[in-house]
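Visitor: Sequence and predicted model, in that order:
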Amino acid sequence: MRSDEIKKGAVRAPNRSLIYATGISPRDKGKPYIGIASSFTDLVPGHIGMRDLERFAERGIAAGGGVPFIFGVPAICDGISMGHAGMHYSLASRELICDMIESVANAHCLDGLVLLTNCDKITPGMLMAAARLNIPSIVVTAGPMLTGNYNKRKRSFVRDTFEAVGLYQSKKIDAHELQCLEMSACPGAGSCQGLYTANTMACLTETMGMSLPGCGTAPAVSAKKRRIAYESGIQIVELIKKDITPKKILTKNAFHNAIVVDMALGGSSNTVLHLPAIANEAGINLKLDLFDEISRSVSHITLLEPAGDHYMEDLDNAGGIPAILSAVKEKLLPNRTVSGKNVTAIAEESKILDTDVIRVENPYHKEGGIAILKGNIAPDGSVVKQAAVSEKMKKFKGTAKVFNSEELAMKAIMNGEIEKGNVVIIRYEGPKGGPGMREMLAPTSMIQGMGLADSVALITDGRFSGGTRGPCIGHVSPEAAEGGIIAVIKDGDTVDIDIINRSINVELSDEEIKNRFKTWKKPEPKIKKGWLNRYSRMVTSASTGAVLK
């Protein structure tokens, strides 16, 4: 065992002494030492229930014959950090989480890990650490929040808070109604109720085989989730005994399967950042074009919020990810999972329990949820959640309204300066320019709430929340700060978006673009000190997963 390095031999007497100081008994010396990397915090609704899950994971590890050690990693709530300077830290925290888990696991020679996670950047950060360390690991996602209820309707975070701001701004609801919605939208523990980034990544973690079946959709407050945490504790000991490490699970087939399920679900566009980053740590080059290739061959079979009116609790009741696997089983490639079963066997054993939620015979769309667009604005690619775009907006030509930050765009939207036929362009918000590639949920939700979603498009080198709907194209690469063509687009330029044919262009000649770059200057870093300054110098393009080099 790896932990023998700190617990065997006379020379390790000092090490053992410190371990015994934690309360460990000498009789535990022969057992595997297993870390529970917990992202518990009182700050993040998706994580406030983790103290309970820590207990059940501990019980499972002890029952399986291991010794549990809880250690903490940070968690940032994208919703709370949204729309202000705090969002710069969200994507960047993914790299910190990975580094912290690597540091603790290697410094203390842990034999295995239970990774207790939930929200947007924490889950991919933990999966990156698992792949990098390549010691037996199992992921427990803490689960989605149940829906709220107000005025006889189910309520949820994005539609009933962010979009409600737009409704209030356009005087469609009053201040009392706004307060009622904000008080009822998020009733307790769990990740936001729709198919946003946190829940999409939980589903894909299960698909790739790094969580036990059912984990991705089991609600945060359920006994089912407690049982999964307990069984995960038992199973990590088995993985250690059999030396089943993450790289034996996170194979090319695993990532192929994850993209298949992502497209079938209509998941968050942020998966196009996170899956390549996880694959990079596993030694796999996951190309952007594969997302579009699979999207063209996989039908979109669920319509969860924000695109539709179903929620994660509905998907769980319909059979969860095992049911989705059964629906796309002909597209799956064989791959082992932490459960000991092959993903193809799980697909064969499972069935769909609600055909209104999971529609195989009559899919919502013939293509998958995400499309990759290229053109002179984005020669290296851009991303759109096409499942959340109306048919009339899949082809759109409009005039550019250009902003050099999210704040400037929000001010213009709030002041009523955006009109039908505009293409809002928000630049210098990419991985380097942001820095940190902020999510643009506030401006997209404002546009939606003000009734402009079918007449206004939005393009950014930043990114969007999984809760975004409408013609919103993000991850434009190269970004403005790297000298991408988005940097020289001007107000009034004509922008042509064609999601069906996967193109995004500004109607400028090559000569005009070349002339504009003669007067363009690379901007000064927005943040000149601290971690984010280092991040902006080290981070790569969104098209490669925004990993650090």
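Guide: Arrived safely, thanks for sending.
Visitor: Going by C-alpha atoms from here, please, whenever you check contacts or count neighbours.
Guide: Noted.
Visitor: How about the contacts made by V139?
Guide: Neighbour list for V139: 114-117, 127, 205, 210-211, 232 [criterion: CA atoms under 8 Å, 6 or more residues apart in numbering].
Visitor: CSV for the residues you listed, including neighbour count?
Guide: Formatted as CSV, those follow (neighbours: other CA atoms under 10 Å):
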residue, neighbour count
V114, 30
L115, 27
L116, 27
T117, 29
L127, 30
T205, 27
M210, 26
S211, 27
S232, 30
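Visitor: Sitting in helices, which of the residues you listed do you find?
Guide: The helices, defined by DSSP state H, take in 127, 205, 232 from these.
Visitor: quick one: the first one and I278 touch, right?
Guide: By that I understand L127. Yes. With contact defined as CA atoms under 8 Å, L127 and I278 form a contacting pair (6.3 Å).
Visitor: pLDDT of stretch 176-195, averaged?
Guide: Averaged across stretch 176-195, the pLDDT comes to 93.
Visitor: buried set for that stretch?
Guide: For stretch 176-195, a neighbour-count test (16 or more other CA atoms under 10 Å) marks 178, 181-182, 184-195 as buried.
Visitor: residue boundaries of the helices in the stretch 251-400 of the chain?
Guide: In the stretch 251-400 of the chain, the helices defined using DSSP state H, counting those that start in this stretch lie at 252-265, 271-281, 288-295, 312-317, 320-327, 343-349.
Visitor: where in the chain is pLDDT low?
Guide: 467 (pLDDT under 70).
Visitor: need the longest strand for it.
Guide: With DSSP state E setting the assignment, residue counts place strand 395-403 as the longest strand in the chain.
Visitor: That one: what's the following helix or strand?
Guide: Per DSSP states H and E, the first helix or strand lying C-terminal to strand 395-403 is helix 406-414.
Visitor: what does that following helix rub up against?
Guide: 83-84, 169, 403, 418, 424, 426, 429, 440, 442-443, 446-447.
Visitor: Next secondary structure after that helix?
Guide: Counting by DSSP H and E, the next helix or strand C-terminal to helix 406-414 is strand 422-426.
Visitor: Neighbouring strands of that following strand in the sheet, and parallel or not?
Guide: Applying DSSP bridges to the sheet, strand 422-426 is found paired with strand 395-403 (parallel), strand 457-460 (parallel).
Visitor: Distance check, I76 against S299.
Guide: Distance of I76 to S299, computed by CA to CA, to the nearest Å: 33 Å.
Visitor: Mind putting the helices of the stretch 251-400 of the chain into JSON lines with mean neighbour count and distance to E524?
Guide: Below are the helices of the stretch 251-400 of the chain laid out as JSON lines (neighbours: other CA atoms under 10 Å; distance: least, CA to CA, whole Å):
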{"stretch": "helix 252-265", "mean neighbour count": "26", "distance to E524": "37"}
{"stretch": "helix 271-281", "mean neighbour count": "24", "distance to E524": "25"}
{"stretch": "helix 288-295", "mean neighbour count": "19", "distance to E524": "29"}
{"stretch": "helix 312-317", "mean neighbour count": "22", "distance to E524": "43"}
{"stretch": "helix 320-327", "mean neighbour count": "26", "distance to E524": "45"}
{"stretch": "helix 343-349", "mean neighbour count": "18", "distance to E524": "48"}
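Visitor: Just put the contacts of V139 in a markdown table and tack on distance to V547.
Guide: Formatted as a markdown table, the contacts of V139 follow (distance: CA to CA, whole Å):
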| residue | distance to V547 |
| --- | --- |
| V114 | 24 |
| L115 | 21 |
| L116 | 22 |
| T117 | 20 |
| L127 | 14 |
| T205 | 19 |
| M210 | 21 |
| S211 | 24 |
| S232 | 29 |
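Visitor: farthest-separated two in those?
Guide: L127 and S232 (15.5 Å; CA to CA).
Visitor: now the nearest residue to A542 once chain neighbours are set aside, what's its secondary structure?
Guide: Leaving aside its sequence neighbours, A542 sits nearest to H475 (CA to CA, 6 or more residues apart in numbering; 5.7 Å). Three-state call for H475 (DSSP: H, G, I helix; E, B strand; the rest coil): strand.
Visitor: Double-check H475 against S382; I have them as touching.
Guide: Yes. H475 lies in contact with S382 (CA under 8 Å); the separation is 5.0 Å.
Visitor: out of the contacts of helix 406-414, which are buried?
Guide: By neighbour count, with 16+ other CA under 10 Å, the contacts of helix 406-414 hold 83, 169, 403, 418, 424, 426, 429, 440, 442-443, 446-447 as buried.
Visitor: Quick one: the residues you listed as a markdown table, columns for distance to K247 too.
Guide: What follows is the buried ones among the contacts of helix 406-414, written out as a markdown table (distance: CA to CA, whole Å):
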| residue | distance to K247 |
| --- | --- |
| G83 | 37 |
| Q169 | 50 |
| F403 | 43 |
| I418 | 48 |
| V424 | 42 |
| I426 | 38 |
| E429 | 33 |
| M440 | 34 |
| A442 | 38 |
| P443 | 39 |
| M446 | 42 |
| I447 | 43 |
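Visitor: Out of the residues you listed, which two sit at the greatest distance?
Guide: Distance extremes for the buried ones among the contacts of helix 406-414: the farthest pair is Q169 and E429 at 25.0 Å, using CA to CA.
Visitor: Quick one: residues in contact with the longest strand of the chain.
Guide: Contacts of strand 395-403 (CA under 8 Å, 6+ apart): 409, 418, 421-427, 456-457, 489-500.
Visitor: cutoff 6 Å now
Guide: Here strand 395-403 makes contact (CA atoms under 6 Å, 6 or more residues apart in numbering) with 409, 421-426, 491-498.
Visitor: what's the spacing between that strand and its chain's center?
Guide: Relative to its chain's centre, strand 395-403 lies at 27 Å (CA atoms, centre = their mean, to the nearest Å).
Visitor: got it, and stretch 163-173?
Guide: 28 Å.
Visitor: What residues sit buried inside it?
Guide: 163-170.
Visitor: for stretch 31-45, same thing?
Guide: Quick answer for stretch 31-45 (16+ other CA under 10 Å): 31-41, 44-45.
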